[in-house]
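Novice: Give me the fold of what follows.
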Amino acid sequence: MWKDSVPKSCKRFSYLLLDEGEFYIQDWIATCRQVSLDGLQKIQPLSWQLHQMKGRLRLCSKSIFFEPDNFSVPIIRFPMNKVKKVEALTETPSSSNFVNGKWLGTQEGFVLEAALHVTMKENGIDAPYVFEKQDSIWWFALEFSPVEQFLKQAKSFISINLLPSMERDMVLYNTRAQKEAQAHFDTTSLVDLNEKISLDLSAAQVTPLVREPGRLVITQAHLYFQPLFNLNDDSPVRLQPLSSIISVAKRRHALRQIGLEIFFKDEDNNFRNATGFGPAYGASAFFTFQNVHERDTTATELLEKQAHADLLLFVGSLLNAETSVLRSICKAWQEHRISNYDYLMYLNLAAGRSFCDLTQWPVMPWILRDYKSRTPDLSDPKCFRDLSKCYRSQNLVAVGSKDWMLELYMQKNLMSGLTLTLGPGELGHNPRHSLQHQFVSSVEKLSHYLIHLS
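Specialist: Alright, predicted model coming up:
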C-alpha cells in the first residue's frame, strides 16, 4: 500500500483545494512517511510505510499539503490550527528497518505532530475528504533545501493561525498583498523582445472558486498575465494579442470596484485554455486589482492601444448598462428582434454578472408559481409569482396589507432563538434590506448545482 513503484502521473494539487481566503506560499521536493507514537528519538515506520513517499511539500497560509508522486496515494493536508508541533529533527535510521539498506548515515529533516489530518484525491478521484481526527506524527526531509527555510515560514504562519479570526485575517491579508507586490514580470517571456511595456501591475485572474495572483502586463501588441505560481502546468505566461480584444467592462469583485472583465474573440483564447473551461467561459478573462485607480488605469491603457477604440467604447457601454443603451435593448426585445434568452443574458452582463465569478453568476428569473398542475394555465395570474416579494415569502400570508416582510423577519429571528426589539427607525418601515441578502444564491449552493448539472 502506498509504495513508490507506481509510475508518476499528473499533478492533482490545485487552488481548488485551498480554503476560502487561503493563499499559496511555496513548495519543496520532499520525502514523507508517517511514524509511530513510541517516541521521536527512535522513529519506527509503520509496516505499510517502510518506503518513503516522494512528492511535493506545499506551504499555504492556513495549511500544509503533501502531494505524493505516487498517484494512488492521497494528498495529505495538515490544517495549521491543528498542528501541535513542528521542529527540526536529525534521524539516524537503522539499516534493518529499511529495505535494502536504502538509507545510510543521518538525514536532516523535521517532524510534524498534528491532532488532525485530511486525505483527498486518492487515485486522482474527486471524492469526499477523509478527516482523521487522531494524533499523528509525520517525518519530512527536503531534497535540495535546508530544513530551516521551511520551518521559519511554517512556524510563523502557525502562530498567525492561532490568533483571533479578525486579527488573523488582517495579518494574512497584509502578508498576501506584500508578497504579491514583490513579484516581477519575466521580460524574456515577451513574444518580441522589442515590445515596450507600457503597464505592469499586480493583479489576480478570477475563475470560479479560484483567485490566481500574478502580474498583468500590457505592451503595444499583447496583453500578458504571469501567474505568481504556475500550478496549472500550462504556461508560465498567458497572453493574447490586443487585436483580439472586443470589449473591456468594469466590474465589482467582493463588493469593491476593482474588477475588470476583458472580452476576446473566441478563437484561440489562451486565458480560457489555461484554466480549462469550455466555450461558455472562453470569451472573457476576469482580473482584479489592488484599487479602483489601478483598474481604471488598465482599462484606459487597453482602450488607447486599440485601433478600433470607438467600437470598444460602444461595446463597453453595452456592458456597463448605460441608460440609453438599456432602452434600445429593451425595445428590441419588446419588438421580438432578440430572444428572451439573449435579453436576459444581456441584462446579466450589464448588471456586472460574469461566468468567471461564482459570487456574481448569471441568474434567470423565477416566474412561475404553479408547479403542481400538469399543464399550467398561463392566462391565470395566480400561476405567476409576485415579483414584489422575494422567493422565500411567496406563500406567506400577510398580516394587514404590508407587514409581510416584517412578519417574516420576526419569524426568522424567533426560529433562530433571537430576541428582537425594534425601536423607531432601527429597521425603518422596510426590513427588506436586512432580508434580501439571506435569500440570494451562495457560492456553495451554486457549486452544488453545477456539479449535479455536469
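Novice: So for the lengthiest helix in the chain, what gets flagged as buried?
Specialist: With secondary structure taken from DSSP state H, the chain has its longest helix at helix 165-181. Across helix 165-181, burial judged by 16 or more other C-beta atoms under 10 Å covers 168, 171-172, 175-176, 179-180. Quick note: C-beta positions are derived from backbone N, CA and C, even for glycine.
Novice: Export the residues you listed as a markdown table, with columns for distance to residue 61.
Specialist: What follows is the buried residues of helix 165-181, written out as a markdown table (distance: C-beta to C-beta, whole Å):
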| residue | distance to residue 61 |
| --- | --- |
| 168 | 10 |
| 171 | 10 |
| 172 | 5 |
| 175 | 7 |
| 176 | 7 |
| 179 | 10 |
| 180 | 12 |
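Novice: can you redo these as a markdown table with pLDDT and distance to residue 199?
Specialist: Below are the buried residues of helix 165-181 laid out as a markdown table (pLDDT from 0 to 100; distance: C-beta to C-beta, whole Å):
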| residue | pLDDT | distance to residue 199 |
| --- | --- | --- |
| 168 | 93 | 34 |
| 171 | 94 | 30 |
| 172 | 94 | 28 |
| 175 | 92 | 26 |
| 176 | 92 | 22 |
| 179 | 90 | 21 |
| 180 | 90 | 16 |
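Novice: closest to residue 338 among those residues?
Specialist: Comparing the buried residues of helix 165-181 against residue 338 with C-beta to C-beta places residue 180 closest, at 41.4 Å.
Novice: check contacts around the closest one.
Specialist: 202, 204, 213, 228 (C-beta atoms under 8 Å, 6 or more residues apart in numbering).
Novice: got a markdown table for the residues you listed, with distance to residue 132 too?
Specialist: Below are the contacts of residue 180 laid out as a markdown table (distance: C-beta to C-beta, whole Å):
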| residue | distance to residue 132 |
| --- | --- |
| 202 | 38 |
| 204 | 33 |
| 213 | 31 |
| 228 | 31 |
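Novice: Just those: which are in strands?
Specialist: Counted as lying in strands by DSSP state E, out of the contacts of residue 180, are 202, 204, 213.
Novice: Can you tell me how far the last one is from residue 383?
Specialist: Residue 213 sits 49 Å away from residue 383, going by C-beta to C-beta, to the nearest Å.
Novice: So which of the two has more stuff around it?
Specialist: residue 213 (21 against 15; other C-beta atoms under 10 Å).
Novice: Quick check, pLDDT for that one.
Specialist: Model confidence at residue 213, given as pLDDT, is 94.
Novice: circling back to that earlier point, out of the contacts of residue 180, which is nearest to residue 262?
Specialist: Closest to residue 262, out of all of the contacts of residue 180 and judged by C-beta to C-beta, is residue 204, at 13.6 Å.
Novice: Do I have it right that that closest one meets residue 287?
Specialist: Yes - proximity of residue 204 to residue 287 meets the contact threshold set by C-beta atoms under 8 Å, at 6.7 Å.
Novice: and for those two, which residues touch both?
Specialist: By C-beta under 8 Å, 6+ apart, no residue touches both residue 204 and residue 287.
Novice: hang on, the earlier thing: who wins for neighbours among the contacts of residue 180?
Specialist: Busiest of the contacts of residue 180 [other C-beta under 10 Å] is residue 204, holding 24 neighbours.
Novice: That residue pairs with what?
Specialist: residue 213, residue 288 (DSSP bridges).
Novice: Give the full set of residues in contact with it.
Specialist: Residue 204 neighbours (C-beta under 8 Å, 6+ apart): 180, 211-214, 287-288.
Novice: Tell me the pLDDT of the residue lying closest to residue 79 once chain neighbours are set aside.
Specialist: Of all residues not flanking residue 79 in the chain, residue 63 sits nearest, at 5.1 Å (C-beta to C-beta, 6 or more residues apart in numbering). Looking at residue 63, its pLDDT reads 96.
Novice: What's the local residue count around residue 63?
Specialist: 22.
Novice: Let me know whether residue 303 touches residue 248 as I believe.
Specialist: Yes - in this structure, residue 303 is within contact of residue 248 by C-beta under 8 Å, at 6.6 Å.
Novice: More neighbours: which of the two?
Specialist: More neighbours surround residue 248 than the other of residue 303 and residue 248, with 23 against 16 (other C-beta under 10 Å).
Novice: Would you verify that the more buried one is located in a strand?
Specialist: Yes - Residue 248 forms part of a strand when assessed by DSSP: H, G, I helix; E, B strand; the rest coil.
Novice: surely it meets residue 242?
Specialist: No - Residue 248 is beyond contact range of residue 242, at 10.9 Å (criterion: C-beta under 8 Å).
Novice: between those two, what contacts are shared?
Specialist: By C-beta under 8 Å, 6+ apart, the residues touching both residue 248 and residue 242 are residue 302.
Novice: Run through the residues that contact the spatially closest residue to residue 19 that is not a sequence neighbour.
Specialist: Of all residues not flanking residue 19 in the chain, residue 62 sits nearest, at 5.4 Å (C-beta to C-beta, 6+ apart). By C-beta under 8 Å, 6+ apart, the contact set of residue 62 is 18-19, 21-22, 79-81, 157, 161, 172.
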